[in-house]
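Novice: need a 3D model of the following:
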Amino acid sequence: MKKIILSILLITGAIITFAQEARLNIKSLNAKNNKVIIQIPVDDTWFYPAKQEIKFGNDSTVNYSLKINKLAWLRINNNTVLIEPGTTHLVFDNGILVQSDKNKKGMLLFNKRNSEFYQYRARNYYKKDSTAAGLYQLLENDRNEALKPYAELFSKQEISVTFYNEIKRYFSTEQIILQAAIPMIVLSTKQKINSDLDKMWADTYEKYSMNNLQDAFYPDFYYHAKYYVNTYLNYYIPLKKGIKLPKKDEDTGFKIIYKAFEDNFTGKMKEFLLATFLYEEMLQARYQEVLVGLFNSFKKSYPKSNFTPYLQPMADEIIAYHNKVKNDFEPEQKILANYDKFNSLDSLIGQFKDKTVFVDIWATWCGPCKQEFEYSKDLEKFLKAKQVDMLFISIDEDDAAQQWKEMIKYYKLSGNHVRTNQALKKDLSDKLGKSGSFGIPRYLIIKNGKLVVDNALRPSDKEKLHAQISKYL
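Specialist: I've put the predicted structure just below:
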């Protein structure tokens, strides 16, 4: 996915009433490159693609300014910083925040917090106690424990009251998100929850508003909101009422989630969640046309949205994809005859006797696989010069058959192509995996119908991969 880099004026286009200027002086020590990446708020919340890349000056410093209200959350080189109006001097050593002339100890402490994905943490809480009362107490204890060092810093006037209040709000939001996640995790693993957890789940959503935009600065808030509309409202509540849920295809599923966000949120929070939903789904690069339709609905509802400039190029890419895949296969793109009859890796690679073959195992849903396709041209040129065959093995299911063929065209994948049946997929897992599974992308080297390298380098490792393949010519 291409990075979208927009001007500072575009990113900070929506200025809050009574906004003040915050000025940053950023110094970098021992930097691996001469740039700093700043992720700044869009309409008072984080939106992942809203990043500004700025080159350092000769003195290894960057000066940057933005309009904020009372406080702004920024990510600078993957460090989280909280900035107040006025000038703040920050120092990074090897990309890590080490100094600030405002709220230094608070920011250093915050960047050492437990940032594990909230669902993993929720699972660990349930292992400690399975009762709602016990879980409430554990969560409350941990929130209080997390706040203690900040309270001490505040009492010593080493952090401002604005900073301290925002940290308290952050950990309260975390407590609520974890509280909602525990019943959801139990439901997903056991397919049911008891009345105790059922009440805990309902109480969480009833007692705490999800329309406070400031809460969206919590890194996992979007997923918290999505599970609320998709798992709780659209699955669990109907399940409790004995309503049989109809089967739905992917396009219908997208429309249902989009509408659930529309119906259950308001104001800027709704706009943010709809934009994030569209971004997250389009980011998967599966090019579903339904997302373009939903994006057009978004633009109609929010004709001046500051999120639109980040989403438009992604929608344009989907449109370009569907225009391109209408074409026929190129002569160099060959789907093997009776590809669905190969039940083992040995029977498949046996088709390439007296050949050296480079194998790419991928799937249409695999983002890293598609990122590696950026290097296909160089690899294709090398393989052709060395008379090495190329074999792509897709592990997609039958319902992705059409998309599999489309992506061969879209990514210009020259070579031989097969899509696994269940027997071949199992054989690959048995031969290549641990505990019956293996990760993709995965690359193999075949020589004279035999597997000689079962975990080859990636196309992005251009020179090293070429040398590795050359050993088997």
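Novice: contacts only, for the most centrally placed residue in the chain.
Specialist: The centre of the chain sits closest to residue 280, judged by CA atoms, centre = their mean, with a distance of 6.7 Å. Residues in contact with residue 280 (CB atoms under 8 Å, 6 or more residues apart in numbering) are residue 222. The C-beta positions use only the backbone N, C-alpha and C, and glycine is treated the same way.
Novice: mind checking the SS state of it?
Specialist: Classification of residue 280 using DSSP: H, G, I helix; E, B strand; the rest coil returns helix.
Novice: swap in residue 372?
Specialist: Here residue 372 is recorded as helix under three-state DSSP.
Novice: ok, it - how many residues close by?
Specialist: By other CB atoms under 10 Å, 20 other residues sit near residue 372.
Novice: doesn't residue 342 make contact with residue 418?
Specialist: Yes. In this structure, residue 418 is within contact of residue 342 by CB atoms under 8 Å, at 6.3 Å.
Novice: overlap in contacts of these two?
Specialist: 336, 348, 424.
Novice: what is the burial count for the last one?
Specialist: Translated: residue 424. By other CB under 10 Å, the residues close to residue 424 number 22.
Novice: same question, the second one
Specialist: For residue 348, the neighbour count with other CB under 10 Å is 24.
Novice: helices and strands around whatever helix or strand it lives in, which ones?
Specialist: Taking DSSP states H and E as the definition, one finds residue 348 inside helix 345-349. When contacts are defined as 3 or more CB pairs under 8 Å, 6 or more residues apart in numbering; DSSP states H and E, helix 345-349 packs onto strand 389-394, helix 422-432, strand 450-453.
Novice: just send those back as JSON lines, with mean pLDDT and distance to residue 367 too.
Specialist: Below are these laid out as JSON lines (pLDDT from 0 to 100; distance: least, CB to CB, whole Å):
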{"stretch": "strand 389-394", "mean pLDDT": "97", "distance to residue 367": "15"}
{"stretch": "helix 422-432", "mean pLDDT": "94", "distance to residue 367": "20"}
{"stretch": "strand 450-453", "mean pLDDT": "95", "distance to residue 367": "24"}
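Novice: ok, the residue nearest to residue 351 when sequence neighbours are not counted - contacts?
Specialist: Nearest residue to residue 351, sequence neighbours excluded (CB to CB, 6 or more residues apart in numbering): residue 336, at 7.2 Å. Listed by CB under 8 Å, 6+ apart, the contact partners of residue 336 are 342, 351, 416-418.
Novice: ChimeraX command to pick out the buried ones of these?
Specialist: The ChimeraX command for the buried members of those (criterion: 16 or more other CB atoms under 10 Å) is given here:
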select :342,351,416,417,418
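Novice: reformat the contacts of residue 336 as a markdown table; add pLDDT, secondary structure and distance to residue 155.
Specialist: Below are the contacts of residue 336 laid out as a markdown table (pLDDT from 0 to 100; DSSP: H, G, I helix; E, B strand; the rest coil; distance: CB to CB, whole Å):
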| residue | pLDDT | secondary structure | distance to residue 155 |
| --- | --- | --- | --- |
| 342 | 95 | coil | 70 |
| 351 | 91 | helix | 74 |
| 416 | 97 | strand | 69 |
| 417 | 97 | strand | 66 |
| 418 | 97 | strand | 67 |
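Novice: rewinding a little: highest average neighbour count across the helices and strands packed on helix 345-349?
Specialist: Of these, the one with the most neighbours on average (mean count of other CB atoms under 10 Å) is strand 389-394, at a mean of 22.
Novice: and that one, which strands flank it?
Specialist: Take DSSP bridges as the rule and strand 389-394 pairs in its sheet with strand 356-362 (parallel), strand 415-419 (parallel).
Novice: would a markdown table of the ones you listed with distance to residue 324 be doable?
Specialist: Listed next are these as a markdown table, based on distance: least, CB to CB, whole Å:
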| stretch | distance to residue 324 |
| --- | --- |
| strand 356-362 | 19 |
| strand 415-419 | 17 |
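Novice: can you tell which of the ones you listed is closest to residue 455?
Specialist: Proximity to residue 455, assessed across those by CB to CB, is greatest for strand 356-362 (10.6 Å).
Novice: and the angle from that closest one to helix 422-432?
Specialist: On the basis of axes from the mean of the first three to the mean of the last three CA atoms, to 10 degrees, strand 356-362 is oriented at 110 degrees to helix 422-432.
Novice: strands of this protein, residue ranges please.
Specialist: Assigned by DSSP state E, the chain shows strands spanning 20-29, 35-39, 51-55, 61-68, 72-76, 79-83, 86-93, 96-100, 333-335, 356-362, 389-394, 415-419, 442-447, 450-453.
Novice: how far does the fourth one sit from the chain's center?
Specialist: On the basis of CA atoms, centre = their mean, to the nearest Å, strand 61-68 sits 27 Å off its chain's mean C-alpha point.
Novice: what comes up buried for it?
Specialist: Here strand 61-68 shows 62, 64, 66-68 as buried, counting by 16+ other CB under 10 Å.
Novice: and what of the second one?
Specialist: Applying a neighbour-count criterion of 16+ other CB under 10 Å, the buried positions in strand 35-39 are 36, 38-39.
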